[in-house]
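1. Sharing a model that was predicted from the sequence below.
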Amino acid sequence: MGMAPEIANLSFEEALKELESVVRRLESGEAPLDESIELYAKGDALRAHCQARLDSAQARIEAIVADRDGKAQGLRPFDEAAG
């Protein structure tokens, strides 16, 4: 499996690639029980890291608020724009 960098230092793309590798190994059914348990724990940590990165990105997205004439009036958070 190789030495993986600290999960907290991985970009979203790197963590997703690692997670896909973990899932493939688990789905193959070839890993011994102890390795499967370690892989599951690593996969869960990678999933949580990816979710945190997505949540952070979503929080940074802002929608442009337009007035009646269609001119930009300001910004509002993503959650308010979606609702």
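-> Yep, that arrived.

2. And the pLDDT at the residue of the chain positioned farthest from its centre?
-> Distance from the centre of the chain peaks at Asp69, with 38.0 Å (CA atoms, centre = their mean). pLDDT for Asp69: 76.

3. Wait, a strand at it?
-> No. Per DSSP: H, G, I helix; E, B strand; the rest coil, Asp69 lies outside any strand segment and is coil.

4. Look up how far Arg24 lies from it.
-> Look at Asp69 and Arg24: by CB to CB, to the nearest Å, they are 54 Å apart. (C-beta placed from N, C-alpha, C; glycine too.)

5. do Glu14 as well
-> Computed as CB to CB, the Glu14 to Arg24 distance reads 16 Å.

6. These two: which is more packed in?
-> Taking neighbours as other CB atoms under 10 Å, Glu14 and Arg24 compare with Glu14 leading, 16 against 9.

7. any residues touching whichever strand or helix holds the more buried one, and which ones?
-> Applying DSSP states H and E as the criterion places Glu14 in helix 12-28. For helix 12-28, contacts defined as CB atoms under 8 Å, 6 or more residues apart in numbering pick out 1, 4-5, 7, 10, 31, 36, 39-40, 42-43, 46-47, 49-50, 53-54, 57.

8. Next, the buried residues of it.
-> Across helix 12-28, burial judged by 16 or more other CB atoms under 10 Å covers Glu14, Ala15, Leu16, Glu18, Leu19, Ser21, Val22, Arg25, Leu26.
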